[in-house]
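Novice: need a 3D model of the following:
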Amino acid sequence: MISDLDLTLEELLRRELPASLVSQVGISFAAPDNQFPPSTVTLPAIDLFLYDVRENRELRETAPLVERQDDGTALVTRPPVRVDCSYLVTAWSSETSPQRVQDEHRILSEVMLALLRHRTLPAQILQGALADQGLPPPTSVLHPGQLQSLGELWHALGGKPKAALHYTATIAVAAAPAEQAAPPVTDRRLRVRQLAAG
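Specialist: Model (predicted):
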């Protein structure tokens, strides 16, 4: 499910970023630590580091969905769990660039505009299991994020702080398969008993 979200975000950026930028930058999901970039990524690059996954309790549903079948039976499905997947988005310029910071800010600006254009992930780019979500996954850009301290994260990663965006997509995760409900009631029986006198 999370890998499908990664593929979806990569597809979104490849469609929304200017063609001149898409042809130049790689897209990575690696940790932005002091070993970045990994050997599979060439700079310049955009990095979407998944730093937090948690249930969205504001969107929690508890009522099961009951679906009547043609044969009179019913399937009962627990509502999906809404899960916030939060990314730290950074831009990485080429090491040979004379204006590294300016290049990173330009790339990050284009990424920000691409993400801000969509309050939900468009249905046509949803990959794998996300294509069956029913409703498009909502997104949030430029919110404070779930990090207690961005400085502590950079310190833990051993990297140098840099400009970053917070991005969250909320996906629906089916935690349990549908279950057959108890057989439907098709008739009623009334039992009458005579009480003894007195």
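Novice: drop to CA atoms for contacts and neighbour counts, all remaining ones
Specialist: Will do.
Novice: would you map the strands across the protein?
Specialist: For the chain, the strands defined by DSSP state E occupy 26-28, 45-55, 65-68, 74-77, 81-92, 139-141, 165-173, 179-180.
Novice: neighbours of the nearest residue to Ala30 once chain neighbours are set aside, how many?
Specialist: In this structure, Ala30 finds its nearest non-sequential neighbour in Phe49, 5.9 Å apart by CA to CA, 6 or more residues apart in numbering. Using other CA atoms under 10 Å, Phe49 is surrounded by 19 other residues.
Novice: tell me where the model's unsure across the chain.
Specialist: Scanning the chain for pLDDT under 70 picks out the ranges 63-64, 72, 144-148, 176-187, 197-198.
Novice: at 50 instead, please
Specialist: Under the criterion pLDDT under 50, no range of the chain is flagged.
Novice: returning to that earlier point: who are the neighbours in contact with the residue nearest to Ala30?
Specialist: The contact partners of Phe49, taken as CA atoms under 8 Å, 6 or more residues apart in numbering, are 28-32, 87-89.
Novice: sorry, back to before: distance to Val111 for the strands of the chain - can I get that in a markdown table?
Specialist: Formatted as a markdown table, those follow (distance: least, CA to CA, whole Å):
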| stretch | distance to Val111 |
| --- | --- |
| strand 26-28 | 11 |
| strand 45-55 | 8 |
| strand 65-68 | 38 |
| strand 74-77 | 38 |
| strand 81-92 | 9 |
| strand 139-141 | 11 |
| strand 165-173 | 9 |
| strand 179-180 | 43 |
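Novice: out of these, the one nearest Gln127 is which?
Specialist: Nearest to Gln127, of all these, is strand 165-173, at 12.0 Å by CA to CA.
Novice: same for the closest one, what does it pack against?
Specialist: When contacts are defined as 3 or more CA pairs under 8 Å, 6 or more residues apart in numbering; DSSP states H and E, strand 165-173 packs onto strand 81-92, strand 139-141.
Novice: now do the longest one against strand 165-173, angle only.
Specialist: What that stands for is strand 81-92. 150 degrees (axes from the mean of the first three to the mean of the last three CA atoms, to 10 degrees).
Novice: quick one on the thing from earlier: how about the helices and strands packed on strand 165-173 in TSV, adding distance to Ile125 and mean neighbour count?
Specialist: Shown next, in TSV, are these (distance: least, CA to CA, whole Å; neighbours: other CA atoms under 10 Å):
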stretch	distance to Ile125	mean neighbour count
strand 81-92	17	22
strand 139-141	14	19
